[in-house]
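**Q** structure, please.
(one chain, ligands or ions: 1)
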Amino acid sequence: MNNKRGDDKLTPLPATANFLPQDDPISRTEDPVDQDEIDFVAPIEGHAASVADPNAKPILEVRDLKMYFPVKSSGIIRRTIGHVQAVDGVSFQVPEGGALGLVGESGCGKSTTGRMVTRLYEPTSGTITFDGRDISRISTRQLKPLRREVQMIFQDPYTSLNPRHSVGAIIGAPLAIHKVLPRNKILPRVQELLEIVGLNPEHYNRYPHEFSGGQRQRIGIARALTLQPKLLVADEPVSALDVSIQAQVINLLQDVQREFNIAFVFVAHDLAVVRHFCPEIAVMYLGKIVEIADRDTLYNRPNHPYTQALLSAVPDVKQAAIGGRRERIRLEGDVPSPINPPSGCRFRTRCPIAQEICARVEPPLLQIGKRHKVACHFAGELGHHPDRPVTAPLLGVDDTGAPDPGATPTTMAGNEPGYSDTWYDLERKTMASA
Ligand SMILES: Nc1ncnc2c1ncn2[C@@H]1O[C@H](COP(=O)(O)OP(=O)(O)OP(=O)(O)O)[C@@H](O)[C@H]1O
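**A** Got it, this is the predicted structure:
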């Protein structure tokens, strides 16, 4: 059931009794102390992972987005001596009511991407189109209405809530700032929101320290829902929480998403968390998307060695059930500095299958399936990477990456957001379509 988004019209209170996880022990609990003592709760039955609607139009489109932070010299005259290439040419789409997961190790640029989408940062270049409007460079005044439609949930529920404000003030503030409701209607709305996120509506006058971590994150979610946003950027929303309550908060987010048809950009370093929530996942490495695909393809047939390494660290329940273990791929070395990233493929310094071409030529984000793109010269399933670079003939270079005068480079869509109807079939080495 999707709510109708009348401008200042509030949705009637949803059937919260059906809407909350039935056996969610945290819901409406009076005592904040015991919450962290619950055993690990697997995602609750009936909370099946979100599904992609193939006909939904994009609510968010990000094209060739870059964020370069200046690095200043020390001393009195602080000159710019370089740039941190935190995000370097990222493109993707998120459909209305859909969810895209952004995953990768710490420092790969996930949070910076999320902060650009919510316009907490102004991008260095590239475009962000939200609901048909280019919001990449809009002014502070123009940002105010956007704040109603795009909200963020932060990682740390301990620091993201003002300890001196009551929960009612925290959740109600956006309603007062945006003058959405008359003063006497704010409290009932706050109580309605508390109930939606599974907290006792009578606790609006308590303070953040009176709640457990999971409950505080619920307050953060209620605050994000106050203005009925169309897009929520959730930046590691459960990683600061005890493992026992992570699944409950994710289930709540999923219910909220379905109930209000909110689109999500879900930032996480944990592939297991994203798998439950997102029908589509983008894997980032050192400021770039290295692989993006629908959930099943990414988890079952990853083609990039970095995705394969990340996935090898995720416990595989099916494999464990038949007594097997997925072999862990250990990556050598550290992530290089984003101030001076490696030439060619940024992953090559840690890649187990890198060859000469990888240092010379940056691999394009090549579409290799209906909903699957990968940026690797040697793209292939684990243990089946080709000996010769699949990209060389397409790029007009030889196997070492040197220009090949005899070759005819193919124009490829490259760094476009979304997917094309045709793609490059790695096995047949021709273009294919559905
Ligand atoms: N305001 C800033 N000024 C300079 N560099 C920054 C700034 N914010 C982030 N960075 C750098 O940009 C890179 C990407 O950071 P970002 O926080 O986006 O990564 P992340 O993948 O979200 O990592 P984490 O999970 O640790 O937050 C890192 O090298 C980080 O040090």
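
**Q** who in this structure is up against the ligand?
**A** 69, 84, 86, 104, 106-112, 269, 338 (CB under 6 Å from any ligand atom). Yep, even glycine has a C-beta here, placed from its N, CA and C like the rest.

**Q** residue of the stretch 251-400 of the chain closest to the ligand, please.
**A** Pro338 (4.6 Å; CB to the nearest ligand atom).

**Q** poorly predicted segments of the stretch 201-350 of the chain, please.
**A** 315-326 (pLDDT under 70).

**Q** just the CA trace of the longest helix seen in the chain, in PDB.
**A** If you go by DSSP state H, the chain has its longest helix at helix 243-260. Output of helix 243-260 as PDB, limited to C-alpha atoms (Å, rounded to 0.1, in the frame of the first residue of the first chain):
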ATOM      1  CA  VAL A 243      24.000  -7.600  16.100                       C
ATOM      2  CA  SER A 244      20.900  -8.800  18.000                       C
ATOM      3  CA  ILE A 245      18.900  -5.800  17.000                       C
ATOM      4  CA  GLN A 246      20.300  -5.100  13.500                       C
ATOM      5  CA  ALA A 247      17.700  -7.400  11.800                       C
ATOM      6  CA  GLN A 248      14.800  -5.700  13.600                       C
ATOM      7  CA  VAL A 249      15.900  -2.200  12.500                       C
ATOM      8  CA  ILE A 250      16.400  -3.500   8.900                       C
ATOM      9  CA  ASN A 251      12.900  -5.100   9.000                       C
ATOM     10  CA  LEU A 252      11.500  -1.800  10.200                       C
ATOM     11  CA  LEU A 253      13.200   0.100   7.300                       C
ATOM     12  CA  GLN A 254      11.800  -2.400   4.900                       C
ATOM     13  CA  ASP A 255       8.300  -2.000   6.200                       C
ATOM     14  CA  VAL A 256       8.700   1.700   6.100                       C
ATOM     15  CA  GLN A 257       9.900   1.500   2.500                       C
ATOM     16  CA  ARG A 258       7.000  -0.600   1.400                       C
ATOM     17  CA  GLU A 259       4.400   1.300   3.400                       C
ATOM     18  CA  PHE A 260       5.400   4.700   2.100                       C
END
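
**Q** what comes up buried for it?
**A** Neighbour counts using 16 or more other CB atoms under 10 Å place 244-260 of helix 243-260 among the buried residues.

**Q** show me where the chain has its helices.
**A** Using DSSP H, helices in the chain cover 16-19, 110-117, 140-149, 167-177, 183-196, 213-225, 243-260, 271-277, 295-300, 305-312, 317-321, 356-360, 392-395.

**Q** can I get the ones you listed in TSV with distance to Pro58?
**A** Listed next are the helices of the chain as TSV, based on distance: least, CB to CB, whole Å:
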stretch	distance to Pro58
helix 16-19	27
helix 110-117	13
helix 140-149	14
helix 167-177	25
helix 183-196	27
helix 213-225	21
helix 243-260	16
helix 271-277	18
helix 295-300	18
helix 305-312	23
helix 317-321	33
helix 356-360	32
helix 392-395	27
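
**Q** compare these and give me the one nearest Gly380.
**A** Gly380 sits nearest to helix 305-312 of all those, at 9.3 Å, using CB to CB.

**Q** contacts only, for Val238.
**A** Gln217, Ile245, Gln246, Val249, Ile250, Ala268, Val273 (CB atoms under 8 Å, 6 or more residues apart in numbering).

**Q** ok, Pro208 next?
**A** Tyr158, Leu161, Asn162, Pro163, His165, Val167, Ile170, Arg216, Ile219.

**Q** what is the nearest of those to Ala379?
**A** For these, the nearest to Ala379 is Tyr158 (41.7 Å; CB to CB).

**Q** which ones are touching Arg346?
**A** Here Arg346 is in contact with Tyr285, Leu286, Gly287, Lys288, Pro336 (CB under 8 Å, 6+ apart).

**Q** just the buried ones among the residues you listed, please.
**A** Tyr285, Leu286, Gly287, Lys288.

**Q** which parts of the chain belong to which domain?
**A** 45-284, 286-433 (automatic domain parsing).

**Q** need the winner for burial among the ones you listed.
**A** Here the criterion is mean neighbour count by mean count of other CB atoms under 10 Å, and of these the winner is domain 45-284, at a mean of 19.

**Q** how about the strands in this structure?
**A** 58-72, 80-95, 99-103, 125-130, 133-134, 150-153, 231-235, 263-268, 280-285, 288-294, 366-369, 372-374, 422-425, 430-433 (DSSP state E).

**Q** quick check, Gly418 in contact with Pro95.
**A** No: if you go by CB atoms under 8 Å, Gly418 and Pro95 don't touch, sitting 9.5 Å apart.

**Q** now the common contact residues for these two.
**A** Contacts common to Gly418 and Pro95, judged by CB under 8 Å, 6+ apart, are Pro58.
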